[in-house]
Structures are given as C-alpha cells and as structure tokens.
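Enquirer: no letters, just coordinates:
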C-alpha cells in the first residue's frame, strides 16, 4: 500500500469526495449575510426543547436528517458518524447519537472539530475503511455562553475581543467516489500556546496554531498561498485574523486570499464584537458556502482550517493559558492537479 | 482497495500491530493486584503538580515518555497521537499535547476512549494513513471526583454501586508490521440508553452498550464467545458485569470468559465499592496486562471493550438519563486465523 503522508500532511492518491453536506443555523445566523447558505434556519433557538443543551442536540439531529435527505440515504447506510461539540463531555453529540442508531466516533477538538472530523472521515474512506462516513459539529450560543462565561440572565458586558458563539451545525458525507468536491489532503495540527489567558480573546489564542498548520501544509505540499482561491480559517475573528497575518509575515508568508468564517457569518452591525466562533461556525460555513462554491466551480481549490481553543472553565479559573490547535483540509473542484 | 467492513465491524486483511504499550498508575493502583503490570507507579498522586488537572496531564506525559522509551522512538517519529480523557473539554489531553509537539487528534468517548483511540489508530494504519500512530487515555480520581460528584474535602458517603475512578493512563503504539499482538478487527459502538439516571451507577448505564457491541461483533464475525481466551470489558464493575450477563443471556449468549478491568485493577479490600472505572482503567489494564499476556503467548485471542457513560454534570442535574457507548477491538497473538 502506498504511504501517503509527507511531513504532517496526508495526501490522498485517490481523493475522497465530500459528496453531500448540510448546514443549519439559528435566528441570528439567519439574519446574517449567509442566510441563503443554510439548508434550514430556526427562528426559535430553543428548537422547542426545554434546555439549551437539548436544543443543540436538536440542531445536530436536524442537520443529520437534512444531510441524509439530500444524499437520499437512510441512517443504516452510514458506516460511522464522527461528531463533536463544545459542551462538557460533548453531551450535545452523545445525546444526539442516542437517537441516531449508527456507529459513533466521538471527537473533541473544540472549534477545530469540523475539520478534525472531516479529515478523519477522509482518511478512513481513502484507506478503504469506510464507504460512507459522516462528520458533524455544532455549537449553540446559549449553551456555550453559560458554560464558559456566565449565565445569559446576568447580561455581562462583552469585551471588544469577544466572539459570538454560532448557533449552528454542519455535516458532511464523505465517499470514495463522486463528482466532488474532493478532499485532496489533510493536516492534523499540533498544539500551540502563546500564553494568552483572556477567555474573551479566543482569536489570539488560536492564531498561532493556525499559522503553524498553514506553514506545515505549505512546506509539505510545496505550494504557495496564491495557488489557492481562498484560505479559510474557522473562527479567528478580527483579532485572530490580524495576528495570523502578522505571524505568517514573520515567516515571509502573505495570504492574499484569507477569509475567516467568523467574519463571514455575521455582518458588523449584528453586534458580535470580534466575530463569530464555535464548532458550528466553521461547520456551517463549510457545509453551507465553501463546499457549494467548489461544487458550482466558482472556486477551484481552497484550504480550509478550523481552529480550536483547548481550555475549560476550570483551567481558566486556575489561571492557565489557552492552548490552540488547527486542522486543515485541502479541497478542490477536481481530483487532479490541473493547476500545476 | 478491498473493503473490509462487515456489519459494524472492520476486519483488517493485514492486521496492524500493537507494537509497544505503556501503563502508569497512582498510589491505590500500585497497592492493587496488578501492581507488577504498571511500567511506572507514583506514590504521590499529585505528581508534584499544584492542581489535580495538571497531575493528570503529568500522568499522560509520563505514559507517552515511557511508551517512546520502550519503542526507542522520538516524538517526531510519531505520525499522530490520538488522545482523550474525562475532564471538561478534555483538558488533560489538550494540555499534555501542549508539551508534546506531535499532530493531535482529540477524542471524547468517556471511559471508552482507549478502545476508540486504538480502533482509530488501527484503522488509520491498516489503511496506509499512518506508520506509527499512538493512542492514549487517562483518568485521575481526584480530578474526576470533584468534577462529576463533589469536592474531595466534602467526604461524601459513596453508594455500593459507585465505582472508583482509576488514577492511571495507558498508551499503545500501532504499526503496520511487527511480531504482535495484532489488532484483527474493530467495532465502533452505537449509543444505548436504558434510562439509568443514577450518576453513582455507571456500570448499569454502560452495560447495554457493551452487550450491543459484543452481539454485533459476534454476528459480524460469525464467532462464539468460547473461541476467545477472554472477553474483557473496561469498567462495568460488579453491577454492570452482572447486568451484561443478564442482557446477553436474553439473547442466548453466555460469556464463559468475561473479565472486567474494573474488577481486576483493585482487590475487594481496597474499599472501591463496585470496582474501578475511568478512561485510565481499561487503558492501563490493556497496556499493562492484556497486551503483554498476548505478547507472551499466555493468551491467544481476546476481545477487548472499553465502555463509556456519555453524561455530564449538567445533564445529570437536568435529570437526563445516561447514554452509554462501547467500542471493541479483537486482539490476537498471531495475524492468521489459526483457531478456525
């Protein structure tokens, strides 16, 4: 068997396909500039559930239902569902899977979960270990806010560096064959910690990991940023995006085509401070915008990263700094390297 | 490429190898019947750190260091480290990886994490996606107790069904070639919930998932329990082990050779109520006892399951029942089916 890893990056000789994808969102997401990208939007962020934690599971369930409808598949035709979220002990996913009878691979990558799951699904499919593997990630503003910061009812003032956790979910079905978009490569990230201790400045905590993963991918692949139509990051927001540019500049790398999902999902007048965040941010933008653009041929080749901040409320209260991690997938409209 | 999944189970045509493994434990584990199985034992469960959460990361770090020493490898020779734990947002692993510069795949499977990680590592190696993938899981009594139940200082009375979270970690290095033990098959589990709401009765919550996964593996493989030298479960304890036997009996299946890591790691006079539990329970018994027994040829073929309870303190306080999941690996001393 051909071994396809170079440096930290897996390059798939026969790239798996992101054959179907679904994005769901809440009220604020529906009011933002990407409102037409979502397969389903919910005016009521509770989705009829009596706790925000259950509401997030309901979002996940609707997301997977929509994915299966689009793929014209039933649940028992899935090999695995790889899923994760931000709740303590990943209970959004665990409780969703209680109602979805399918083999479950639980992930924790904080806001990097979508790319982690998509990368693993692609690696399993490329290696002949699955024919239909689905990746799923979600977040919910109300569940995250009270877990990581304070009760919603407290109405605490948000700092300018704070980001708004997306109420949303995204899922992708990966298969060995199809018309694309193709997952050509995956780089699983290394943890980086630049001693950021401000829990309201996740962008700064995650930017070093994003820079690290981008630099490793570029070195492993021998590519330059301008060879891509876009390089997406998950949820660096305004602060993290600026820091990413600075960190890369130090290494002589400029991204002429960087776009951050956290800056795309809301408009500046939506009062979200430095932008959107959460597993659901990159997950819904990937499934709702990036993969469809590749499918339509409006973009040909992109890098997509999700970035995660690996702290908890406990480590924050203990004064620990916040480590970050970023995983990357290379996506393209065609399986071959037409651009070289 | 040959597709090797039948039912829920991946059968590897060229089984990957659990080439090296390391187990570390704390004071109570060193006082138990498996004290000779650990590569390293720590008299002081703090490992010199100032919080129990950091102590767990230190346990993980010592475990990986020991693994690399045994394998005569350096960290940069690992392709990936797949790791998880019980702390909120899996911070034991996240903070460990801050100090271990290697691509990180974060998992959450509660106490099923060791088998989930080993199964994924095996699937990645079998598919040509890695040459050296390591799986790691840990738990720490003091970190878990205050997170899930109450402050240690409170000194709450433990119920007879309660289990004692193991202070320990286990890690396994998976490679494509070697002398064994071989990972012949993996079954990723489905979530099962039998409406157990008692957070001090994890064994009961996890037993249905264990039964489900065992029955699926037996059906997928066409094997019978008596074809295995042992069928291990991770941490069902006394209550869960009895329930597992009852659930399987209903389906006409008897396990003549069931052993539970939670009942092996402590002796009854260690005052651990229904037995040991935690990610570190199955992880350390796998790495410290089960894999060495296969290496020495004392056992030829076993099934090894870890079982996880997927609740959080939040879902518990919200009155939710506790879903469980169980992942299974088939391990053997030889790569071929000499027993058929």
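Expert: Yes, it's here. Bear in mind the structure is a predicted one, so any value in this text is a computation, not a measurement.

Enquirer: every contact and neighbour count from this point should use C-alpha atoms.
Expert: Noted.

Enquirer: quick one: stretch A:125-135 near chain B?
Expert: Yes: residues of stretch A:125-135 contacting chain B under Cα under 8 Å from any Cα of the partner chain: A:126, A:127, A:128, A:129, A:130.

Enquirer: same check, this time on stretch A:193-209
Expert: Yes: using Cα under 8 Å from any Cα, stretch A:193-209 comes into contact with chain B via residue A:193.

Enquirer: now the residue of the stretch 1-150 of chain A found nearest chain B, nearest residue through space, not along the chain?
Expert: Closest approach between the stretch 1-150 of chain A and chain B, counting by Cα to the nearest Cα: residue A:127, at 3.7 Å. Nearest residue to residue A:127, sequence neighbours excluded (Cα to Cα, 6 or more residues apart in numbering or on different chains): residue B:127, at 3.7 Å.

Enquirer: just checking, the residue of the stretch 1-150 of chain A closest to chain B touches residue B:130?
Expert: No: using Cα atoms under 8 Å, residue A:127 is not in contact with residue B:130, being 10.1 Å away.

Enquirer: so which residues on the stretch 51-200 of chain A come close to chain B?
Expert: The stretch 51-200 of chain A comes close to chain B at residues A:79-80, A:84, A:86-91, A:94-95, A:97-98, A:101-110, A:116, A:123-124, A:126-130, A:188-193, as judged by Cα under 8 Å from any Cα.

Enquirer: so which of those residues are in helices?
Expert: A:91, A:94, A:95, A:97, A:98, A:116, A:123, A:124, A:126 (DSSP state H).

Enquirer: tell me the buried residues in stretch A:214-221?
Expert: Using 16 or more other Cα atoms under 10 Å in any protein chain shown as the test for burial, stretch A:214-221 gives A:214, A:215, A:216, A:217, A:220.

Enquirer: narrow these to those in helices?
Expert: Short answer: the buried residues of stretch A:214-221 in helices (DSSP H) are A:214, A:215, A:216, A:217, A:220.

Enquirer: from the residues you listed, which is closest to chain B?
Expert: residue A:216 (10.9 Å).

Enquirer: now intersect the residues of the stretch 51-200 of chain A next to chain B with the strands, please.
Expert: A:80, A:84, A:104, A:105, A:106 (DSSP state E).

Enquirer: by neighbours, which of those wins?
Expert: In terms of neighbour count, residue A:84 stands highest of those at 34 neighbours, by other Cα atoms under 10 Å in any protein chain shown.

Enquirer: which strand residues bridge that residue?
Expert: residue A:137 (DSSP bridges).

Enquirer: for residue B:7, see how far away it is.
Expert: Distance of residue A:84 to residue B:7, computed by Cα to Cα, to the nearest Å: 24 Å.

Enquirer: please apply the same query to residue A:243.
Expert: 48 Å.

Enquirer: who's more crowded, those two?
Expert: Comparing residue A:243 with residue B:7 by neighbour count (other Cα under 10 Å), the higher total belongs to residue A:243, at 20 against 14.

Enquirer: show me what contacts that one?
Expert: Going by Cα atoms under 8 Å, 6 or more residues apart in numbering or on different chains, residue A:243 touches A:204, A:207, A:208.

Enquirer: is it in a helix, a strand, or coil?
Expert: Put simply, residue A:243 is helix when judged by DSSP: H, G, I helix; E, B strand; the rest coil.

Enquirer: could you do the one 3 residues further on as well?
Expert: Three-state assignment for residue A:246 (three-state DSSP): helix.

Enquirer: roughly how far apart are it and residue A:26?
Expert: 33 Å.

Enquirer: also residue A:311?
Expert: From residue A:311 to residue A:26 the distance is 25 Å (Cα to Cα).

Enquirer: quick one on the thing from earlier: can you pick the most crowded of the contacts of residue A:243?
Expert: Going by other Cα under 10 Å, residue A:207 tops the contacts of residue A:243 with 33 neighbours.

Enquirer: so it touches residue A:241, yeah?
Expert: Yes: assessed by Cα under 8 Å, residue A:207 is found in contact with residue A:241 at 7.0 Å.

Enquirer: for stretch A:282-299, measure first residue to last.
Expert: So stretch A:282-299: terminal residues 17 Å apart, Cα to Cα.

Enquirer: nope, stretch A:72-82 is what I meant
Expert: Stretch A:72-82: ends 19 Å apart by Cα to Cα.

Enquirer: ok, stretch A:91-107 next?
Expert: 11 Å.

Enquirer: what's the average pLDDT for it?
Expert: Across stretch A:91-107, the average pLDDT comes to 97.

Enquirer: mind listing what's buried along it?
Expert: A:91-98, A:100-107.

Enquirer: which pair in these spans the largest distance?
Expert: Based on Cα to Cα, the longest span within the buried residues of stretch A:91-107 runs between A:101 and A:107 and measures 17.4 Å.

Enquirer: can you check the pLDDT for the residue nearest to residue A:202 when sequence neighbours are not counted?
Expert: Leaving aside its sequence neighbours, residue A:202 sits nearest to residue A:309 (Cα to Cα, 6+ apart; 6.5 Å). For residue A:309, the pLDDT comes out at 97.

Enquirer: which residues does residue A:309 contact?
Expert: Counting by Cα under 8 Å, 6+ apart, residue A:309 has contacts A:110, A:111, A:202, A:205, A:206, A:322, A:323, A:324, A:325.

Enquirer: can you tell me how far it is from residue A:203?
Expert: Per Cα to Cα, residue A:309 is found 9 Å from residue A:203.

Enquirer: any low-confidence regions in the stretch 201-340 of chain A?
Expert: Applying pLDDT under 70 to the stretch 201-340 of chain A picks out residues A:337-340.

Enquirer: all strands of it, in order?
Expert: A:230-233, A:258-260, A:276-277, A:301-309, A:324-332 (DSSP state E, counting those that start in this stretch).

Enquirer: of the ones you listed, which is nearest residue A:74?
Expert: strand A:324-332 (26.2 Å).

Enquirer: picking that back up, turn the contacts of residue A:309 into a markdown table, including neighbour count.
Expert: Shown next, in a markdown table, are the contacts of residue A:309 (neighbours: other Cα atoms under 10 Å in any protein chain shown):
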| residue | neighbour count |
| --- | --- |
| A:110 | 32 |
| A:111 | 33 |
| A:202 | 29 |
| A:205 | 32 |
| A:206 | 34 |
| A:322 | 28 |
| A:323 | 27 |
| A:324 | 33 |
| A:325 | 35 |
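
Enquirer: can I get those in TSV with distance to residue A:52?
Expert: Below are the contacts of residue A:309 laid out as TSV (distance: Cα to Cα, whole Å):
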residue	distance to residue A:52
A:110	18
A:111	18
A:202	22
A:205	26
A:206	26
A:322	25
A:323	27
A:324	26
A:325	27
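
Enquirer: name whatever forms a beta bridge with the residue nearest to residue A:202.
Expert: residue A:324.

Enquirer: also residue A:301?
Expert: With DSSP bridges as the rule, residue A:301 is bridged to residue A:332.

Enquirer: which residue ranges form the helices in the stretch 151-300 of chain A?
Expert: A:202-221, A:237-250, A:261-264, A:279-285, A:291-295 (DSSP state H, counting those that start in this stretch).

Enquirer: could you dump those into a markdown table and include distance to residue A:65?
Expert: Shown next, in a markdown table, are those (distance: least, Cα to Cα, whole Å):
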| stretch | distance to residue A:65 |
| --- | --- |
| helix A:202-221 | 31 |
| helix A:237-250 | 30 |
| helix A:261-264 | 24 |
| helix A:279-285 | 15 |
| helix A:291-295 | 18 |
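
Enquirer: so which of these is the most surrounded?
Expert: Of all those, helix A:279-285 carries the top mean neighbour count, a mean of 34, counting by mean count of other Cα atoms under 10 Å in any protein chain shown.

Enquirer: quick one: distance of that helix to the chain centre.
Expert: Relative to the centre of its chain, helix A:279-285 is centred 5 Å away, using Cα atoms, centre = their mean, to the nearest Å.

Enquirer: run through the neighbouring helices and strands of it.
Expert: strand A:17-25, helix A:113-126, strand A:133-139, strand A:168-175, helix A:261-264 (3 or more Cα pairs under 8 Å, 6 or more residues apart in numbering or on different chains; DSSP states H and E).
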